[in-house]
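**Q** Task: produce atomic coordinates for the following.
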Amino acid sequence: MSTPLVQVELEKIDLILDILEEYYKSGKINKKREIHSLFEHDLNFPYGDETLFEVMCHPYVLVKYLEYLCRRLLNNIGEVRLARRKVVFKNCMKAPDEEYIRIRRFNPIGTYCGMPFVADDGCFFFWHDEPLLVTKYMKNQILEQPIGFPVRQEVRIMSAIAFSLQRGAYSFSLSYDTYDIPADILGENNSFCSNSRIQAIIRIFDRMKDADSHIYIPVTNSRKFDFSTQAYHPEKAKIFYQSFNITDELALRTCFLLIKSKMLWDGGRLYSEDACTNLFISIEGALRLIYQRITGKSNFAIKPTTQHIAAVFPNGEFWIDLLDDIYNKRVQIVHPAEAKWMPELSDDDFYDNYDIAIDLIFYAITGELLPRKVMAILDTANLTFIKKQISMGG
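**A** As a prediction, the model looks like this:
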């Protein structure tokens, strides 16, 4: 026999199921006042916010609210009630070929770009001083990666921003805190930036997580993020975005590994080996992409690639030795017999090579050079000095 509290919860579940069943018969959501009353009392939302109210009445949000109600009940009573009306519940979910929106949040580690970036299939912008990445994708793309991993469109936009810097490095410390929602929740125009519906979605889903202790994820906008706009080239970012082919597996992997390397490096020196491993592999990926660009072939040969780099990049002849050094360090890390139990890696092993990786990847994707970096010039001058010292026997 159910307690009065459990009975109230079951009545809420039945009410939402009745509303959804009617929706799939008529195409309309009825009893909107009842829906608003439930959200107002259950999740403490204020009355009068029209945008919030419209999002509450979307069938997908109602499904998520059903799941939330079931989690609050003991002994799977709510799940049993749903099982009796399985057809209604299953029909609430979109087909795999439907268009979806992903809202991605980040961890407050490292430095983020302080300027918004608007693209055809997504947008990087800010809400309450928190960076957000919103992208549009087909739902069947989720089937190709584990939960929380970025979809192809996310890699494309993050790469365009992170790899369009004259100097320095941006972070994209990925959080598992993502919301995947049908695109029609955003309304007819499906607008990304400054969209009040995006904000409403975050408020609703955050509130349901806050009230559900065993899946609680802290609200990230209560934490401080660092932003910078120095050395960022918005026009170069647009060129990179437009040149990036999201069906190119090598380009996706190369860029994602470089993004991940900075994420790992900012996570602490305990992850320095992992960061450098990702970095070195991404540099090899960039070299392969450059070879494909200059030859049109899918195989790889290092010599014509480095010869091309030496001819195209300012002071590129010095990079041949640097790339050889990167390869040797990668061998020491990847092959256990070649390294100490803890490889010797310095800040320069990461930052200097990260700068090189950005230059190579930007050229590999766009066929253009980034404006010359101050740090790269200093590195080249230092390398020349070292070579002179060696030749003098110093």
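**Q** going forward, measure contacts and count neighbours with C-alpha atoms only.
**A** OK.
**Q** Off-centre distance for the strand or helix carrying residue 71?
**A** Remark: residue 71 resides in helix 59-72, with elements defined by DSSP states H and E. On the basis of Cα atoms, centre = their mean, to the nearest Å, helix 59-72 is displaced by 26 Å from the centre of the chain it belongs to.
**Q** buried set for it?
**A** Residues of helix 59-72 classed as buried under the neighbour-count rule (16 or more other Cα atoms under 10 Å) are 59-63, 65-72.
**Q** Need the max-distance pair from those.
**A** 59 and 72 (20.2 Å; Cα to Cα).
**Q** What helices and strands are in contact with the helix holding residue 71?
**A** Counting contacts by 3 or more Cα pairs under 8 Å, 6 or more residues apart in numbering; DSSP states H and E, helix 59-72 packs against helix 4-26, helix 77-83.
**Q** Make a markdown table from the ones you listed and add distance to residue 126 and mean pLDDT to it.
**A** What follows is these, written out as a markdown table (distance: least, Cα to Cα, whole Å; pLDDT from 0 to 100):
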| stretch | distance to residue 126 | mean pLDDT |
| --- | --- | --- |
| helix 4-26 | 33 | 82 |
| helix 77-83 | 37 | 57 |
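**Q** who wins for proximity to residue 121 among those helices?
**A** Distances from residue 121 to each of the helices and strands packed on helix 59-72 were compared by Cα to Cα, and the smallest falls on helix 4-26, at 29.2 Å.
**Q** tell me the angle the next helix or strand after that closest one makes with helix 59-72.
**A** Toward the C-terminal end, the helix or strand that comes next after helix 4-26 (DSSP H and E) is helix 32-43. For helix 32-43 against helix 59-72, the angle by axes from the mean of the first three to the mean of the last three Cα atoms, to 10 degrees is 40 degrees.
**Q** how about the CA coordinates for helix 32-43, as CSV?
**A** Once non-C-alpha atoms are left out, helix 32-43 reads as follows in CSV (Å, rounded to 0.1, in the frame of the first residue of the first chain):
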residue,chain,number,x,y,z
LYS,A,32,-0.2,23.7,-19.6
ARG,A,33,-1.3,25.4,-16.3
GLU,A,34,-1.0,22.0,-14.5
ILE,A,35,2.5,21.5,-16.0
HIS,A,36,3.6,25.0,-14.8
SER,A,37,2.1,24.3,-11.4
LEU,A,38,4.1,21.1,-11.1
PHE,A,39,7.4,22.7,-12.1
GLU,A,40,6.7,25.7,-9.9
HIS,A,41,6.1,23.6,-6.7
ASP,A,42,8.6,20.8,-7.5
LEU,A,43,11.5,22.9,-8.8
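**Q** before we move on, back to that, out of the helices and strands packed on helix 59-72, which gets nearest to residue 157?
**A** Distance to residue 157, taken as Cα to Cα, is lowest for helix 4-26 among these, at 36.0 Å.
**Q** Show me what that closest one packs onto, helices and strands only.
**A** Packed against helix 4-26 by the contact rule (3+ Cα pairs under 8 Å, 6+ apart) you find helix 59-72, helix 77-83, helix 86-91.
**Q** which of the ones you listed has the lowest average pLDDT?
**A** Here the lowest mean pLDDT among those goes to helix 86-91, at a mean of 51.
**Q** Direction included, what does the helix or strand just after that helix pair against?
**A** Following the chain from helix 86-91 toward its C-terminal end, the next helix or strand by DSSP H and E is strand 99-106. When pairing is defined by DSSP bridges, strand 99-106 lines up against strand 130-138 (antiparallel), strand 174-182 (antiparallel).
**Q** and the angle from the following helix or strand past the first one to strand 130-138?
**A** Heading C-terminal from strand 130-138, the first helix or strand you meet, by DSSP H and E, is helix 152-162. Regarding helix 152-162 and strand 130-138, their directions subtend 140 degrees when assessed with the same axes, to 10 degrees.
**Q** ok so, going back, how about the helix holding residue 71 as CSV, C-alpha atoms only?
**A** Output for helix 59-72, consisting of C-alpha atoms alone and laid out as CSV, is shown next (Å, rounded to 0.1, in the frame of the first residue of the first chain):
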residue,chain,number,x,y,z
PRO,A,59,7.5,16.8,-24.7
TYR,A,60,11.2,16.0,-24.4
VAL,A,61,11.4,18.1,-21.2
LEU,A,62,8.3,16.4,-19.9
VAL,A,63,10.0,13.0,-20.5
LYS,A,64,13.0,14.1,-18.5
TYR,A,65,10.7,15.4,-15.7
LEU,A,66,9.1,11.9,-15.7
GLU,A,67,12.5,10.3,-15.2
TYR,A,68,13.2,12.8,-12.4
LEU,A,69,10.0,11.9,-10.7
CYS,A,70,10.7,8.2,-10.9
ARG,A,71,14.2,8.6,-9.4
ARG,A,72,12.6,10.2,-6.4
